[in-house]
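**Q** Predicted coordinates and the sequence they were generated for:
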Amino acid sequence: MREVNPRDPVPRPVPHRYLGALLLFYPRAFRERYGVAILAGLREVYEEVHPGAGSWQHLRLGISAFADSASQGLRERLSRVARWMWTGSSSGGDRSRRENGPMSTGPRPRFEAITRDARHALRALMKRPGFTLVTVLTLGIAIGANAAIFTLVHRVLIQPLLFPEQDRIVSLWHLAPGLSPDEINQSQATYFLWRSGAASWTPMTFRVHPILWS
Amino acid sequence: MEKSLKAPQFQILLTLAHRPVHGYGIRHEVLDRTDGTVNLWPGMLYRTLNGLEEASLIEECPAPDDAPTDARERVYYRLTDEGRSALATEVARMESYVATARAREVTPDHA
C-alpha cells in the first residue's frame, strides 16, 4: 500500500465535527490518500468566511461542502467500479503497474476475457450444427424435466394448504375389516349424522370425490 | 482526435505551467484568475489531481526552496512532459476556436 504522505494543506483543528463524516462518501483508498488534505481544504474554505459570516453563509457553505463531497465521492466510486469491470483493477494503469511490479503488462482484462470466451464459444457451436442441436435438446429436456419435478414437489410437499392451522386437519372414513377394500365410501347421510354428533372437531365438511371424507 | 481537457483539468495544468504549486495554492490561483467562476472545492480539486496524476500529466515534487515555512509540509505538484504537451495541445485547440470566431467577427467587443 502506498505510504501516507504529509498532506496539503497543513491540518488544523476541525471547526465542525461533521466535516469528517463527509469523507465517508469517498472510497477507502482515495480517503487514505487525500482524506486529510480534503478535510484541511474544507477547514480553510470555512475559515475564509469565518468569523464575520452569518448563519445563512454557514448554511450555504455546509450545503456546498456536502454537495462537493457527495458528488465527487460517488463519482469516484462509480469510476472505480467501471474501471474494475473493464480492467480488473480499480486503480489507474500506471499505478497498477507500479504495484504489480515492472514485468506486469498491466491490469487483467476481466470483462474483455468473458466476452472473448463467449464469442469463441458461439463460433465453435455454429461450425458444428449437429453437436449444437444435440446439446441444445439435451439442455432443454434436462431443464424441462427439472422444472416439472420441482413444480410437482413444490405443489405436493412445499406449498401450504389453503386452510389455517393445517396441523389440526384430519380425515375421517369408515373401516370395514374383512371386506375388500376395507375403506368404504360413505353416504351424505352419514356425513350429517357425524356432524350432528361431533364434539371434538368443528367445522366439518365432505367431498364427493375422492372417497375420503374430510 | 485527442480528447479535450475539462475545465478543472485545464485550469490546474495552466496553474502548474510555470512553477510547482500545492493543492490549496492551485485552488486560490484558479479562483483569482477566473474571477471566482471556477471554484475548485476540495473534493473536485483532489479528485482531478488524482486523475491527472494517474494519466501521468502531473507528479508530486518536493517543496521549492522559496516556499514559505508553513507550506513546506504540503504536497506540491508539477507538470510532467506529457502534461505540458497536453496543455499545449489544448491551447492550440482553443486558439483555432478563437481564430474561427474572429474570422466571423465575433470579438470581445460584443460581450
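**A** Great, that's in hand. Everything numeric in this text was worked out from a predicted model, so none of it was measured. Numbers count the residues shown, from 1 in each chain, chains lettered A, B, ... in the order given.

**Q** Please, where are all the strands along chain B?
**A** B:21-22, B:58-61, B:76-79 (DSSP state E).

**Q** Neighbouring strands of the last one in the sheet, and parallel or not?
**A** For strand B:76-79, the pairing partners within the sheet under DSSP bridges are strand B:21-22 (antiparallel), strand B:58-61 (antiparallel).

**Q** Those into CSV, with extra columns for distance to A:Phe131, mean neighbour count and mean pLDDT?
**A** (Glycine included, C-beta is placed from N, CA and C.) Formatted as CSV, those follow (distance: least, CB to CB, whole Å; neighbours: other CB atoms under 10 Å in any protein chain shown; pLDDT from 0 to 100):
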stretch, distance to A:Phe131, mean neighbour count, mean pLDDT
strand B:21-22, 66, 24, 92
strand B:58-61, 56, 16, 94
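
**Q** Including distance to A:Ala29, could the strands of chain B go into JSON lines?
**A** Listed next are the strands of chain B as JSON lines, based on distance: least, CB to CB, whole Å:
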{"stretch": "strand B:21-22", "distance to A:Ala29": "22"}
{"stretch": "strand B:58-61", "distance to A:Ala29": "17"}
{"stretch": "strand B:76-79", "distance to A:Ala29": "19"}
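
**Q** Spell out which residues sit in contact with B:Lys6, please.
**A** Applying CB atoms under 8 Å, 6 or more residues apart in numbering or on different chains, we find B:Lys6 in contact with B:Thr48.

**Q** near chain A, which residues of chain B show up?
**A** B:22-24, B:27, B:41-47, B:49-50, B:53-56, B:60, B:70-71, B:73-76 (CB under 8 Å from any CB of the partner chain).

**Q** Out of the residues you listed, which sit inside helices?
**A** Of the residues of chain B next to chain A, the ones assigned to helices by DSSP state H are B:23-24, B:27, B:42-47, B:49-50, B:53-54.

**Q** Pick out the most distant pair among these.
**A** Using CB to CB, the two most remote members of these are B:Tyr24 and B:Glu54, lying 20.9 Å apart.

**Q** Among the two, which residue is more densely surrounded?
**A** Using other CB atoms under 10 Å in any protein chain shown, the more surrounded residue of B:Tyr24 and B:Glu54 is B:Tyr24, with 21 against 16.
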